[in-house]
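> structural data only, the sequence is not supplied:
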């Protein structure tokens, strides 16, 4: 990957990374670049996925100059963060599919656009059963139904769609959902119906909707040639439709009430459209359209730009006017959220202005453009992930992994990595300083916590707890009760003396346990033949996991750097430990 994006060598490793701060979803681009430089490619891909499910879309279609690329502090030779985003997203689709254990919970998603697909993928990976209903004949929403092919190559998207099917997604196409009887029973409902209702200033006798033009073009049903066409609007859709009809041999102008710099369209899309011959008429606002024989005449008023403190300059109409005559007027002034299903089934979710104000409403969730109004793919990613995190929080499966971690080794790392893929929350609990093992006092709690944090910083769902430094150790039973009974990782060497632990019966009755089988012994037989444990057989899950046969004791004796992760070893050297 380093060879594919050589511009990562331009990264200044800034203390305040402008790329991170400018990214619309605050992706940790700086650390991703550092991982790639260290040849930790899978870690870089997974860290990127922690933020962004659709790098293969955002890397092409995001407005990078207003986002990550524009924020790069190396102005002369910036990192091509857009290419990095795309490549990381595309390469993720080549990684093996991994799913958590089934939860026996069913989620219905209404709407098969990008937001609905993001939510579906994350929920499927988390072990939910997911059914998705889409009113059209294909998934992808605007990306697949109206986005011009010259703007986005669908081949990688198709690979993503195939991945979702392989994850177990049940898809129902050509299914308009009007009420709850149209879908299967569910535990959670996600509404991702998009913003496919075009805003209009004029009726069909005077203008044509841009989305209809783009949809017809996608189906090769558009037959326009040799016409003078004016497109009203300044967003990406306006430039998409202008480029489409321009390529059919028409004379095309875009008219917008602000200038190019203050339009919502991505700068690169404007530049490409202009290079193809599309003209841009800045700072004019339409007021009236009249029919003159076979022609349309648009009366515009000129505008002045004013600074009212917003992110873009606003406009103020003047008394100066201009008339433009053309054959066809296309409106591309935005779109409204499709909230028909919500209005008819959950009207209380909509406020007096006609908007949904909360993503979560009990077990009903509204995401993507249905929630935010017509927005961008970064917003679809963000709202879908918020939705998934809220659902998972209600069904959260936690696991506790305790130990001295003196220091944490690569064996510890592999165990935590496995747990992070299978549990929503991994709690790592180092013993406090007062805890002794084999008569030896542990190294500083602060250092052990810092080493753990360095080791797991790129793993999802992992928290290092300082509970046992904040209070005296009262026994595992009290710890698990304090933490609301997470599943507890138990060492196989503890099994024969487990019945001697404080409050043994309550411990076994109220909690569940994982025992990792590292090839040391027949753990199942140990539990079955133990007179204290065999009555709690259903409380144990035995997991075969191949991890390095190393120990903290071995490292303290040898200081062999191969026993610990690089981040841990660097910390040890810097702080002169052991």
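That came in fine, so what should we check first? Quick caveat, the model's predicted, so the values are computed rather than measured. Residues are numbered from 1 along each chain as shown.
> quick check: residue 213 touching residue 328?
No: checked against C-beta atoms under 8 Å, the pair residue 213 and residue 328 is beyond contact range at 9.4 Å. Every residue, glycine included, has its C-beta placed from N, CA and C.
> pLDDT weak spots in the stretch 351-500 of the chain?
Low-confidence segments of the stretch 351-500 of the chain, defined by pLDDT under 70, are located at 434-443, 470-473.
> residue ranges of the strands in it, please?
360-361, 364-366, 398-403, 425-430, 436-437, 440-441, 462-464, 487-490 (DSSP state E, counting those that start in this stretch).
> and of these, who's closest to residue 8?
With C-beta to C-beta, the closest approach to residue 8 among these belongs to strand 462-464: 26.0 Å.
> can you tell me what sits against that closest one?
The contact list for strand 462-464 (C-beta atoms under 8 Å, 6 or more residues apart in numbering) reads 416, 420, 425, 426, 427, 428, 430, 449, 452, 453, 456.
> of these, which is the nearest to residue 173?
The closest of the contacts of strand 462-464, once distances to residue 173 are taken by C-beta to C-beta, is residue 420, at 34.6 Å.
> tell me, which helix in this structure spans the most residues?
helix 377-394 (DSSP state H).
> now the angle from that helix to strand 425-430?
70 degrees (axes from the mean of the first three to the mean of the last three C-alpha atoms, to 10 degrees).
> and helix 377-394, what's buried?
Across helix 377-394, burial judged by 16 or more other C-beta atoms under 10 Å covers 377-388, 391-392.
> look up how far residue 327 lies from the residue lying farthest from the centre of the chain.
Distance from the centre of the chain peaks at residue 293, with 51.9 Å (C-alpha atoms, centre = their mean). Counting by C-beta to C-beta, to the nearest Å, the separation of residue 293 from residue 327 is 11 Å.
> same check on residue 542?
75 Å.
> residue 524 now?
When residue 524 is compared with residue 327 (using C-beta to C-beta), they lie 79 Å apart.
> and residue 51, by the same measure?
46 Å.
> the two - which one has more neighbours?
residue 51 (19 against 15; other C-beta atoms under 10 Å).
> that one is in contact with residue 28, isn't it?
Yes: using C-beta under 8 Å, residue 51 is in contact with residue 28, at 6.8 Å.
> which neighbours do those two share?
With C-beta under 8 Å, 6+ apart, residue 51 and residue 28 have no common neighbours.
> quickly compare the strands of the stretch 351-500 of the chain and say which is most buried.
Stretch with highest mean neighbour count among these: strand 364-366 (a mean of 25; mean count of other C-beta atoms under 10 Å).
> list the contacts of that one.
119, 188-192, 342, 346, 349, 356, 358-359, 387, 390-391.
> and those, which are buried?
119, 188-192, 342, 346, 349, 356, 359, 387, 391.
> pLDDT weak spots in this protein?
1-2, 434-443, 470-473, 518-521.
> can you list the domains in it?
6-92, 106-197+336-394, 200-330, 398-575 (automatic domain parsing).
> start and end of the shortest one, how far apart?
The first and last residues of domain 6-92 sit 19 Å apart, counting by C-alpha to C-alpha, to the nearest Å.
> I'd like the numbering to begin with 19 instead of 1 from here.
Sure, I'll start numbering at 19, so the last one becomes domain 24-110.
> next one: that domain to chain centre, how far?
Put simply, domain 24-110 sits 14 Å off its chain's centre (C-alpha atoms, centre = their mean, to the nearest Å).
> please apply the same query to stretch 414-425.
The answer for stretch 414-425 is 27 Å, by C-alpha atoms, centre = their mean.
> likewise for stretch 203-223?
For stretch 203-223, the distance to the chain centre is 22 Å (C-alpha atoms, centre = their mean).
> just the buried positions in that stretch, please.
204-216, 220.
> for the residues you listed, which one is nearest residue 330?
residue 213 (20.2 Å).
> where's the closest one relative to residue 298, distance?
Following C-beta to C-beta, the distance that separates residue 213 from residue 298 is 25 Å.
> ok, now residue 349?
For residue 349 relative to residue 298 (C-beta to C-beta), the value is 17 Å.
> between these two, which one's more packed in?
Per other C-beta under 10 Å, whichever of residue 349 and residue 298 has more neighbours is residue 349, with 26 against 20.
> what's near enough to touch the spatially closest residue to the more buried one that is not a sequence neighbour?
Nearest non-adjacent residue to residue 349, counting by C-beta to C-beta, 6 or more residues apart in numbering: residue 225, 4.6 Å away. Counting by C-beta under 8 Å, 6+ apart, residue 225 touches 218, 219, 250, 307, 347, 348, 349.
> among the residues you listed, which ones are in strands?
In this view, those that belong to strands under DSSP state E are 250, 307, 347, 348, 349.
> which residues sit in contact with residue 40?
Contacts of residue 40 by C-beta under 8 Å, 6+ apart are 84, 85, 86, 88, 89.
> what's the nearest residue to it if we skip its chain neighbours?
Closest to residue 40 by C-beta to C-beta, 6+ apart is residue 89, at 2.7 Å.
> for that neighbour, give its distance to residue 45.
On the measure of C-beta to C-beta, residue 89 and residue 45 end up 11 Å apart.
> between those two, who's got more neighbours?
residue 45 (26 against 19).
> mind telling me what element that one is part of?
Following DSSP states H and E, there is no helix or strand that holds residue 45.
> okay but it is in contact with residue 72, surely?
No: using C-beta under 8 Å as the test, residue 45 is too far from residue 72 to be in contact (11.8 Å).
> circling back to that earlier point, would you turn the domains of the chain into CSV with distance to residue 118?
Shown next, in CSV, are the domains of the chain (distance: least, C-beta to C-beta, whole Å):
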stretch, distance to residue 118
domain 24-110, 15
domain 124-215+354-412, 4
domain 218-348, 37
domain 416-593, 5
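> to residue 116, which of these lies closest?
Checking the domains of the chain against residue 116 by C-beta to C-beta gives domain 416-593 as the closest, at 5.8 Å.
> distance between that closest one and the chain's centre?
Using C-alpha atoms, centre = their mean, the offset of domain 416-593 from its chain centre is 30 Å.
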